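*Asks:* Prediction below, plus the sequence it came from.
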Amino acid sequence: MPNELTATDMSRAPYRTIWNLAWPQVLMMFSHFFIGMVDVWVAGHINREVQASLGIITQSLFLLLVVAMAVANGSVAAISQSMGAGLHKRVKRYVGLCLIMAAILGGAFLLLGLPFKSLLLSALQVPDEMRPVTEYFLMVYLFLIPPYYMLIITNAIFRARKQVMFPLYSMMLVTILNTILDLGLGLGWFGMPNIGYKGLAWATFGSVTAGALLNLSVLAWQGLLKPDSFAPWRWMKRAIPYLAKVAWPSGLLQIVWHSGYMVLYAITASLPWNAIDALAGMAIGLRIEALLFLPAFAFNMTASILIGNYLGAQQPDEAKRFGFRILAIGMVSITLFSLVVWQFLEPWISLLTRDPAVAAQALSYLKWNMLAIPFTLTSMILAGALNGAGATMYNMFIMGGATWLFRLPLAYGLGHIFMQDAEGIWIAMFCSQIVQSSILLYVFTFKNWQRFAMIKTRNGANAASSGTKETA
């Protein structure tokens, strides 16, 4: 199998191992950042209503993708642990199972989402002047769900198999196509028809679909779309429980987390003062902030891969040591990078908006959320480590509780009652990151999260807690 290294090989050069897995994923995350920046830049050159609508619907899309993200987390845990245990037939069968789930779930969510799009717009309290634009974005993004599910889950399959270059290639393709189509269809560049905000929506659809097709082509080239990758139903019935055990808390967390962001948008949108300026500023702030926390996702995913491999190899202490090593590397490198980014905030904001009120809100948002970077990094990296162990239950309770029991009540209290300004909402976000990261650090340091792994020791022999033997 390509890129195959034993746990012993990786332990001989731990920091090289981390770097070799992390750097392609860092570049992949920068691709995500560039996509978001181009989207916001083009939207800002159309008008502020389009920019604010894009921010709301982008966050809504994340909510619609929660099941794909949950299955992706389950696939990384199952496949990486199986690889660590040397169970290659099981790896291949889990790949086939995850592809089947991507196809079924993506189609199901498209069919379920279409009848409820008006209800979602009402729940978001979208201002009347923004509603036509927001509704169009939502309609196109619903059709985007099936290819997006396939892109997310195939990227997770490659990562779990330590083939981190292939997700980078697919995201480079998505980035290039999205940029060309954004500028061409959104602003009429390159001789393309200028269809404004509609062009932004279809640029996203076309680029993501191309990335998903590229991934499927690579899997076919590697021989993973052959019949023997798709196990009989009797094997799937024994394999699905572990995927579900990891995926459902992860999926519920995504729902809780992203619905929390939707409520945060609603709290911001319902401010009696400068609500549209605050929403547009938040959309810009999120894109610039992504320059810092999207690379942290690279360390999050690296932690998932390595912790899964070491637990599969039945080395729980080494898994824990790698978690702390990844946290240290991520904390130092991204915190230093954030200090550099801080020096260029105002000129970058001015590139994304020509409205002084929107720029002021974006700067206020970034001030508080960049102060939270060390705490945000701790949360993201340790959550990735727990994902690789299959201990998604911890993430669900800690991060979900910090959002709904702390962040949102504080955001409403500061934003609407005490400070009566959007800055109160940004302060609440900062405080919640401190609470959440502190609890995650305590759990990772002192709790027995390794017990959630699929591969366990039974009478000195390898076995899987789900009962799916290599010969099954």
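*Replies:* Cool, the structure landed. This structure is a prediction, so every number in the text was calculated from the model and none was measured. Residues are numbered from 1 along each chain as shown.
*Asks:* Quick check, A78 in contact with F452.
*Replies:* No. Contact criterion CB atoms under 8 Å: A78 and F452 do not qualify, at 11.9 Å. Using the backbone N, CA and C atoms, a C-beta is placed for each residue, glycine as well.
*Asks:* more neighbours, the two?
*Replies:* Each of A78 and F452 has its neighbours counted (other CB atoms under 10 Å); A78 has more, 32 against 21.
*Asks:* I'd like to know how many residues surround the closest residue to the more buried one other than its chain neighbours.
*Replies:* Computed as CB to CB, 6 or more residues apart in numbering, the closest residue to A78 that is not its neighbour in sequence is Y94, at 5.1 Å. Applying other CB under 10 Å, we find 28 other residues in the vicinity of Y94.
*Asks:* so how far is the host helix or strand of Y94 from its chain's centroid?
*Replies:* Under DSSP states H and E, the secondary-structure element containing Y94 is helix 88-113. Computed by CA atoms, centre = their mean, to the nearest Å, the separation of helix 88-113 from the middle of its chain amounts to 18 Å.
*Asks:* What mean pLDDT does that helix get?
*Replies:* Across helix 88-113, pLDDT averages out at 90.
*Asks:* Output the contacting helices and strands for the host helix or strand of S333.
*Replies:* Secondary structure assignment for S333, by DSSP H and E: helix 316-342. With contacts defined as 3 or more CB pairs under 8 Å, 6 or more residues apart in numbering; DSSP states H and E, the secondary structure elements packing on helix 316-342 are helix 14-46, helix 275-312, helix 356-371, helix 373-388.
*Asks:* If we go by neighbour counts, what in the last one is buried?
*Replies:* Pointing back at helix 373-388 there. Applying a neighbour-count criterion of 16 or more other CB atoms under 10 Å, the buried positions in helix 373-388 are 373, 375-388.
*Asks:* what do you get for stretch 93-103?
*Replies:* Of the residues in stretch 93-103, those with enough neighbours to count as buried (16+ other CB under 10 Å) are R93, Y94, V95, G96, L97, C98, L99, M101, A102.
*Asks:* got a list of what the fourth one touches?
*Replies:* Spelled out, it's G96. With CB atoms under 8 Å, 6 or more residues apart in numbering as the criterion, the residues that contact G96 are L224, S229, F230, A231.
*Asks:* returning to what we had before: which residues do A78 and F452 both contact?
*Replies:* V246.
*Asks:* In space, what's closest to S270 - neighbours in sequence excluded?
*Replies:* Closest residue in space to S270, ignoring its immediate chain neighbours: Q125 at 5.8 Å, by CB to CB, 6+ apart.
*Asks:* For the stretch 51-200 of the chain, just list every one of the helices.
*Replies:* For the stretch 51-200 of the chain, applying DSSP state H, counting those that start in this stretch gives helices covering 66-84, 88-113, 117-123, 131-160, 165-181, 187, 197-221.
*Asks:* what angle do the second one and helix 66-84 make?
*Replies:* Regarding helix 88-113 and helix 66-84, their directions subtend 180 degrees when assessed with axes from the mean of the first three to the mean of the last three CA atoms, to 10 degrees.
*Asks:* Then the fifth one?
*Replies:* Interaxial angle, helix 165-181 versus helix 66-84 (the same axes, to 10 degrees): 150 degrees.
*Asks:* Could you pull out the buried residues of helix 165-181?
*Replies:* So helix 165-181, judged by 16+ other CB under 10 Å, has buried residues 166-175, 177-181.
*Asks:* May I have it as PDB, with CA atoms only?
*Replies:* Taking C-alpha atoms only, helix 165-181 is exported to PDB below (Å, rounded to 0.1, in the frame of the first residue of the first chain):
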ATOM      1  CA  MET A 165      -1.200  14.600  -1.800                       C
ATOM      2  CA  PHE A 166      -4.400  13.600  -3.500                       C
ATOM      3  CA  PRO A 167      -6.800  15.900  -1.500                       C
ATOM      4  CA  LEU A 168      -4.300  18.700  -2.200                       C
ATOM      5  CA  TYR A 169      -4.500  18.100  -6.000                       C
ATOM      6  CA  SER A 170      -8.300  18.000  -5.900                       C
ATOM      7  CA  MET A 171      -8.500  21.200  -3.900                       C
ATOM      8  CA  MET A 172      -6.100  22.900  -6.300                       C
ATOM      9  CA  LEU A 173      -8.400  22.100  -9.100                       C
ATOM     10  CA  VAL A 174     -11.400  23.400  -7.200                       C
ATOM     11  CA  THR A 175      -9.600  26.600  -6.400                       C
ATOM     12  CA  ILE A 176      -8.500  27.300  -9.900                       C
ATOM     13  CA  LEU A 177     -11.900  26.600 -11.400                       C
ATOM     14  CA  ASN A 178     -13.800  28.500  -8.700                       C
ATOM     15  CA  THR A 179     -11.500  31.600  -9.200                       C
ATOM     16  CA  ILE A 180     -12.000  31.600 -13.000                       C
ATOM     17  CA  LEU A 181     -15.800  31.100 -12.800                       C
END
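*Asks:* Run through who's touching that helix.
*Replies:* By CB under 8 Å, 6+ apart, the list of residues contacting helix 165-181 from outside reads 24-25, 27-28, 31-32, 34-35, 38-39, 151, 154-155, 158-159, 190, 192, 199, 202-204, 206-208, 210-212, 214-215, 218.
*Asks:* hang on, the residue nearest to S270 packs against L264?
*Replies:* No. Shown here, Q125 and L264 do not form a contact pair, counting by CB under 8 Å, at 12.0 Å.
*Asks:* Of the two, which one has the most company?
*Replies:* Each of Q125 and L264 had its neighbours counted (other CB under 10 Å), and the higher figure belongs to L264 (21 against 15).
*Asks:* Quick check: which ranges of this protein have low pLDDT?
*Replies:* Counting by pLDDT under 70, the chain has low-confidence residues at 1-13, 455-472.
*Asks:* For the helices of the stretch 51-200 of the chain, state which one has the densest average packing.
*Replies:* helix 66-84 (a mean of 27; mean count of other CB atoms under 10 Å).
*Asks:* list the helices and strands it packs on?
*Replies:* Helix 66-84 packs on helix 88-113, helix 131-160, helix 233-269, helix 275-312, helix 373-388, strand 455-458, going by 3+ CB pairs under 8 Å, 6+ apart.
*Asks:* in the third one, what's buried?
*Replies:* What it means is helix 233-269. Neighbour-count burial for helix 233-269, with 16+ other CB under 10 Å as criterion, is recorded at 235-236, 238-240, 242-243, 245-269.
*Asks:* ok, now stretch 46-62?
*Replies:* Taking 16+ other CB under 10 Å as the neighbour-count basis, stretch 46-62 is seen to contain the buried residues 46-61.
*Asks:* For it, report the contacting residues that lie outside it.
*Replies:* The contact list for stretch 46-62, computed with CB under 8 Å, 6+ apart, reads 36, 39-40, 43-44, 120, 124, 126, 129-130, 133-134, 137-138, 141, 144, 148, 186-187, 196-197, 200, 254, 258, 261-262, 265, 269, 276-277, 279-280, 282-284, 286, 353, 355, 358.
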